[in-house]
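Chemist: Give the three-dimensional model of this entry:
(chains A and B)
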Amino acid sequence: MPSALASLPPAQPILFIELRFVWIFSVIFLVHWALRTNTVRKVWLLACSHAFYTCFFIGEPVEFFQNVAAGRWGQLHEGWWFPLLLWFSTFMDYFVGLGIEAAKTDRGRKLWVTGSLVVNLGVLGFFKYYGFFDENVRAVFAWLGLSPTWEPLKIFLPYGISFYTFQSLSYSIEVYRRHLRAERSFLNLAFFIAFFPQVVAGPIVRAMTFLPQTLKRTDWLRVDARGCLVLFFIGFVKKACVSDNLAAIVDAYFCAPQDYNTLSAWVAMLCYAGQIYCDFSGYTDMALGVAGLLGYELCVNFNFPYFAASITDFWRRWHMSLSSWLRDYLYISLGGNRGSKLFTYRNLMLTMLLGGLWHGASWVFMLWGGLHGTALIFHREWTRLASARMVSVVKWVAVPLTFLWVLFAWVPFRAGDTYAGVVVSEKETETLGDIAKNSAAQKPIRLLGDGFYDRRGEKLLVRRDDVKRDPLTGDWQLAGQPGKIVAQRLAGSFSNTLTVWKSLAFSDGGGRKKDVCPNGLLILLAVLAIVHWVNSRSFLGHWWRRIPDFCFAAVLGAGAALAIFAKPVVYKAFIYFQF
Amino acid sequence: MLSKTLALLGNFAAFIAAFTLVCAGVGALLPEQKVPIVSTKLDWLAEHGDDYDTLFIGSSRTYHQILPEMFDTDMAAAGHPVRSFNAGVDGMRPPEDTYLLEKILAHRTKPVRLVLVECNFIRLQQRGMDRDTLRMVYWHDNVRMGTLLRAVWIGDGNKRMLRRFKKVLEKWPDFPDHIRYWMWQNSNLGRGHDMLAEWTGMAPRNGLLASDLGKRNDGYKPFSGTSLANEEQIVVYEKDIAAMRAKLVRANGGDPVSLAELLVKQRLIEKAGGRMVLVLPPYIGENFFSPKQGEGMPPLLDFSDPEKYPELFSNENRADSAHTNVAGSHIYTHLVVRELLSLLNAEAAKK
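Modeler: Purely as a prediction, here's the structure:
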C-alpha cells in the first residue's frame, strides 16, 4: 500500500506568518476579485482551500506529483492522503443533510444524524484517540502482568481534523434540529467546510452564519480593507512578536521545572498565559483578516478572556466558537440545566472533561477540563449562595482570582508537551548529518520548542524535514534512522505538573534553583499587560481609520518593518494546530 | 479607473518606502551580528588589526593550512620581516571574502602590506551546514547581492543569449535562497528577538569561541582531521588525483564576474596601501580558477600542480582530498613563503 511506504516525516504546515503565505494569498486575492460571478469565485476559493490544505500534507506539490508519477512512494510524506478525509467528511455531511430533510419520520432523521455523528466522531476518534487508547490498554496489560500481542499502529493527527469535524457536525445537527435547511449546493457546503482561513485552527464557524454568506456575491466595496489589514497585522504581532518570543522562556522553564525557583515558575506561567493567548487569538485575528479581505465574515473567537470576572465569563470570552459549540451541541444535548442541581453539574463536568479531551488525547487535558469544570460548578454555587454584600466585596478581586485559576489550570495543559534533548556529537556545532556521523558520545543539549540547540546555545542546523516525531512516544528521531533519538519526550507529565504547581505555591523543595529571567522580563510582561488592558478599553480608538490612505499604508509599512525586527527567525507552528 | 489604480500604486509605494526606511533606520542603529569564527576574527582584528601588516583571506584551505607564525619566521629569515594574521574561515568564498576584507580593512589605521587571497570563483550553492544560518545571512548586503545577480545573469560570459539563458536556468535553483538571505539581512529579521534573548539571558544566543583564533591568536587553527586513515580513503584520494590531473584547475580561466570580484578586492587592498597576491591552494576539485596573468591581474602563487608540488599531494601529508594535514600545512606554509619570496625578488630584479 503506497501510504505504508511513505517514509518522509509529515510535511510542514503553511503558516499565516510566513512570507510564502503572503505570496500565495496575493494570488488568491487578486484572482478572486478579478473573477466575475459568485459561483466561479466560490469554485476558485474552494480549489485554493483544498490546495492550501493539501500542501500541509504533501509538502512541495511539484516534487509530490513527480514522485507519484515515478512511483517513488518512499519519497512521499507520511499522511499525504489525509486531505481525502476532508473530502470524505464533506461528501458525507452533504448526503446526511439531504437525507435528514428527505426522511419522513423522526426516527429516520435520527438515524441519519446518528450516522453522521458515528462516522465523523469515529474518524476523529481513530486518528486522535487511538494512540491514547492503545497506550492506556498497554498500561493496564502491564499492570496485570500481561504483554500485548498486537503491534502499535503509527498514527498521527491530521491537521485541523478536530475543527472541521465539529464544523461539519454542526451543519448536520442544525439540519436535524430544523434550524437550517439542507444545503442543495455541494459547492456551498464544501466551501463552508474547507474555507482555508479557518479549516486548520478555527474559529469553528456555524453553518447558520456562513452558508447564507455563500449565497450573496461578494462585493469589494463592502469589504473593510483597512479593518482587515489591521486585524491581520495585529494577529501577526501577537503570534510572531509576542507569542514566539515568550515561547523561548516558557520552553526553557518546562524543560526542567524542578531546576527553577518560585519566581521563575510564576514568570514562566505568566509567559505561557501570554503565549497561548497571543498564539491562538493571533491566528484567529489573521484568519478573520484574510477571510474579510475575500469578502467573508468569520465569528469572533476571543474577547479579552483574561479580564473575565468569573470562570463562566472566561468561557464566554475564550475560544468562543468552541465553548458555544460545546454548550449548544454537547451540554444541551446532555440535558443542560433541565434537571436537578446534581444533573446540571454532571453535565457541566462532562462537557468540560470532553472539551479537555478535544484539545488532546491525554489525561492532562482531561485534568485541565476537570479543573475548569470544577470552577464552573463552584461559580454556579457561589452565585446561588453568596449574599449581595459578599458578591460586591469579591467583585474587586474577581478578575485576578479568575485569572489565577486559569493560570493554575494552564499548568497541565503545557506540562504535557515537554522534551529533553540529547545530541550525539563531539563537535561544537553540528548538523544532524554530523550527529549521525559522530555517534560516539552523547552530550546533553537543550531542546527549546521546535528548535534544536547545542551546548553553547547555538541553533543546530536542523531542518524540520531532517527529524521525525514518533507518534507513539513523541520522541524526535533522525528521519530514516529509527532509534537515533534527538530529543525525548519527558515521561510523567503529571509529575511535571505537580512540580510546577508546588513551585507556584511557593514550595521550592530545596536544591539549587535557577532564576528564569531578570527583572527586565517582569517589566516587559507588565508593559504587555498594560497594552492589552488599554486595548480592551478601546482608549486608543480607531485613529487609523481617520488618516489618509497613503499615511495608513506608510504606518502599516513601518509597523511591518518593526514586527519583522521583533519576530524570531525560527517560527513555531500555531499551538492549536496540534489539536 | 486610472486614478484609482494610480492611488493604489501610490499607497503600495508608501508602504514599501516606509518599510524600507524603517528597516534601514533600525539596521543602522544595530550592532554587527555575531557569526561564529567570522566575528571572533573580526573582533580581534578590530582591536589588534594594526599589529599585523600581512593578511591571509580564504577558505579552510587558508584557515587550517597557513601558519602565520611559521610564515613570519621564514619571511624574517629572508630579510622581509612581517607580522601576519590568518583571516581564513571555513567555507568562505567570494563575495563573502570581499565583504570580510572590507570590514577588516575598515578597522585599520595603518596601511596593510600584503594580502594573500585564495583564488575562488563565485558559486551560488551553499554548504548544507550553512543553510539558513547567520553565516549565510550576514554578508548579503546590497553590493554582494548585486555581485550574485551578475554571477547568475552573466554566467560564463557567453554572448549567445540562448546559452546564457540555459546557464541562468542552471544556476537559478540556488538563487532564491540568496534573495531570502538578502531580505533577511536587510529587514533585520529576528534581531529584536536576539536582543531580547540577550537581555533576558534566557533564550540561546550565538556564542563566539576564542579558540577559533588558534592557540597563538594568529587566526590559524589546525585541521580537525588527521590523515588519510585507511586504504579505502587512499584509493579514493588517488582516484581524485588522477581526475584532477585530467582536468587541471589551471585550465579554468574563471568567469567574468569572479574575475571582476578579484579586481574589487585588489582595489580595496591597494586603497589600504597594500598589494594583493593570489593563491591557488593544493586542492583536488573545481573550487578554484587560475586567472590569466596580465591586464592588471595580481600575481598568482599556484600550488595546484601535483607534478610540481608532489609533497603537498602525497598521502602522508593529506587529511582528505580537499585539505592537507598538519604536516602538509607546515610544508605548504614554507612553500608559500618560498614562492612569495621568489616573486618579490623577481619583481625587485625587474625594477
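Chemist: Report whether the helix-or-strand element of chain B with minimal mean pLDDT contacts chain A.
Modeler: Ranked by mean pLDDT, DSSP states H and E, the helix or strand of chain B with the weakest confidence is helix B:161-171, at a mean of 73. No - for helix B:161-171, no contact with chain A is found by Cβ under 8 Å from any Cβ of the partner chain; the gap never falls below 15.3 Å. The C-beta positions use only the backbone N, C-alpha and C, and glycine is treated the same way.
Chemist: Next, the buried residues of that helix.
Modeler: Burial within helix B:161-171, assessed by neighbour count using 16 or more other Cβ atoms under 10 Å in any protein chain shown, is assigned to B:164, B:167, B:171.
Chemist: give the contact list for the spatially closest residue to the second one that is not a sequence neighbour.
Modeler: So the one you mean is residue B:167. Setting aside the residues directly before and after it, residue B:167 is nearest to residue B:155 in space (Cβ to Cβ, 6 or more residues apart in numbering or on different chains), at 3.7 Å. With Cβ atoms under 8 Å, 6 or more residues apart in numbering or on different chains as the criterion, the residues that contact residue B:155 are B:164, B:167, B:168, B:171, B:255.
Chemist: Count the neighbours of residue B:145 for me.
Modeler: With neighbours defined by other Cβ atoms under 10 Å in any protein chain shown, the count for residue B:145 comes to 19.
Chemist: Look at it and tell me its secondary structure.
Modeler: When classified by DSSP: H, G, I helix; E, B strand; the rest coil, residue B:145 comes out as helix.
Chemist: need the contact list for it.
Modeler: Applying Cβ under 8 Å, 6+ apart, we find residue B:145 in contact with B:178, B:179, B:182.
Chemist: Distance from the longest helix along chain A to the middle of the chain?
Modeler: Selection of the longest helix in chain A by residue count, based on DSSP state H, yields helix A:106-143. When C-alpha coordinates are averaged (Cα atoms, centre = their mean, to the nearest Å), helix A:106-143 and its chain have centres 21 Å apart.
Chemist: Which strand or helix spans residue A:374?
Modeler: Remark: residue A:374 resides in helix A:363-385, with elements defined by DSSP states H and E.
Chemist: State the mean pLDDT of the very next helix or strand once past the least confident helix or strand of chain B.
Modeler: Proceeding C-terminally, helix B:161-171 gives way to helix B:175-186 as the next helix or strand, assigned by DSSP H and E. The average pLDDT within helix B:175-186 is 90.
Chemist: Helix B:161-171 and helix B:175-186, what's the angle between them?
Modeler: Between the axis of helix B:175-186 and that of helix B:161-171 there is an angle of 60 degrees, by axes from the mean of the first three to the mean of the last three Cα atoms, to 10 degrees.
Chemist: check whether helix B:175-186 contacts chain A.
Modeler: Yes - judged by Cβ under 8 Å from any Cβ, helix B:175-186 comes into contact with chain A through B:183, B:184.
Chemist: and the helix or strand containing residue A:410, what does it pack onto?
Modeler: Taking DSSP H and E as the definition, one finds residue A:410 inside helix A:388-415. Using 3 or more Cβ pairs under 8 Å, 6 or more residues apart in numbering or on different chains; DSSP states H and E as the contact definition, the elements that helix A:388-415 packs against are helix A:244-255, helix A:262-293, helix A:311-317, helix A:363-385, helix A:493-504.
Chemist: Please produce JSON lines containing those helices, extended by mean pLDDT, distance to chain B and mean neighbour count.
Modeler: Listed next are those as JSON lines, based on pLDDT from 0 to 100; distance: least, Cβ to the nearest Cβ, whole Å; neighbours: other Cβ atoms under 10 Å in any protein chain shown:
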{"stretch": "helix A:244-255", "mean pLDDT": "78", "distance to chain B": "4", "mean neighbour count": "25"}
{"stretch": "helix A:262-293", "mean pLDDT": "92", "distance to chain B": "10", "mean neighbour count": "23"}
{"stretch": "helix A:311-317", "mean pLDDT": "94", "distance to chain B": "29", "mean neighbour count": "19"}
{"stretch": "helix A:363-385", "mean pLDDT": "91", "distance to chain B": "25", "mean neighbour count": "18"}
{"stretch": "helix A:493-504", "mean pLDDT": "81", "distance to chain B": "17", "mean neighbour count": "19"}
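Chemist: any chance of those helices in TSV, with distance to residue B:242 too?
Modeler: As requested, the helices and strands packed on helix A:388-415 are exported to TSV (distance: least, Cβ to Cβ, whole Å):
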stretch	distance to residue B:242
helix A:244-255	52
helix A:262-293	58
helix A:311-317	74
helix A:363-385	63
helix A:493-504	60
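Chemist: of the ones you listed, which approaches residue A:564 most closely?
Modeler: Comparing the helices and strands packed on helix A:388-415 against residue A:564 with Cβ to Cβ, the closest turns out to be helix A:244-255 (12.3 Å).
Chemist: could you check the angle helix A:388-415 makes with that closest one?
Modeler: Interaxial angle, helix A:244-255 versus helix A:388-415 (the same axes, to 10 degrees): 80 degrees.
Chemist: CA atoms only: put helix A:244-255 into PDB for me.
Modeler: Presented in PDB, the C-alpha positions along helix A:244-255 are these (Å, rounded to 0.1, in the frame of the first residue of the first chain):
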ATOM      1  CA  ASP A 244       7.000  33.200  19.700                       C
ATOM      2  CA  ASN A 245       9.300  35.400  21.900                       C
ATOM      3  CA  LEU A 246       7.600  34.300  25.100                       C
ATOM      4  CA  ALA A 247       7.800  30.700  23.900                       C
ATOM      5  CA  ALA A 248      11.600  30.600  24.400                       C
ATOM      6  CA  ILE A 249      11.200  31.400  28.100                       C
ATOM      7  CA  VAL A 250       8.400  29.000  28.600                       C
ATOM      8  CA  ASP A 251      10.100  26.200  26.800                       C
ATOM      9  CA  ALA A 252      13.300  26.700  28.700                       C
ATOM     10  CA  TYR A 253      11.400  26.500  32.000                       C
ATOM     11  CA  PHE A 254       9.400  23.500  31.100                       C
ATOM     12  CA  CYS A 255      12.500  21.500  30.100                       C
END
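Chemist: helices or strands up against it?
Modeler: Packing partners of helix A:244-255 (3+ Cβ pairs under 8 Å, 6+ apart): helix A:262-293, helix A:388-415, strand A:447-448, helix B:191-200.
Chemist: Does chain A have contacts with the last one?
Modeler: Yes - when contact is scored as Cβ under 8 Å from any Cβ, part of helix B:191-200 falls within range of chain A: B:191, B:192, B:193, B:196, B:197, B:199, B:200.
Chemist: next helix or strand past that helix?
Modeler: Taking DSSP H and E as the definition, the helix or strand that follows helix B:191-200 towards the C-terminus is helix B:231-246.
Chemist: And the average pLDDT for that next one is what?
Modeler: Predicted confidence along helix B:231-246 averages 78 (mean pLDDT).
Chemist: Quick check: residue A:407 vs residue A:501, distance?
Modeler: Applying Cβ to Cβ, to the nearest Å, one obtains 11 Å for the distance of residue A:407 from residue A:501.
Chemist: typo on my end, it should be residue B:329
Modeler: Spatial separation of residue B:329 from residue A:501 under the definition Cβ to Cβ is 59 Å.
Chemist: again, but for residue A:345
Modeler: Plainly put, residue A:345 is 24 Å away from residue A:501 if you go by Cβ to Cβ.
Chemist: In the stretch 51-200 of chain A, mark out all the helices, start to finish.
Modeler: Chain-ordered helices for the stretch 51-200 of chain A, with DSSP state H, counting those that start in this stretch as the definition, fall at A:61-69, A:83-102, A:106-143, A:161-176, A:186-194, A:196-199.
Chemist: Name the residues that touch the second one?
Modeler: For helix A:83-102, the surrounding residues in contact (Cβ under 8 Å, 6+ apart) are A:50, A:53-54, A:56-58, A:109, A:112-113, A:115-116, A:119-120, A:123, A:127, A:158, A:160-161, A:164-165, A:168-169, A:171-172, A:175-176, A:181-184, A:186, A:189-190, A:193-194, A:199.
Chemist: one more time with 7 Å, if that's ok
Modeler: A:50, A:53-54, A:57, A:109, A:112-113, A:115-116, A:119-120, A:123, A:158, A:161, A:164-165, A:168, A:171-172, A:175-176, A:182-183, A:186, A:189-190, A:193-194 (Cβ atoms under 7 Å, 6 or more residues apart in numbering or on different chains).
Chemist: No further questions, thank you.
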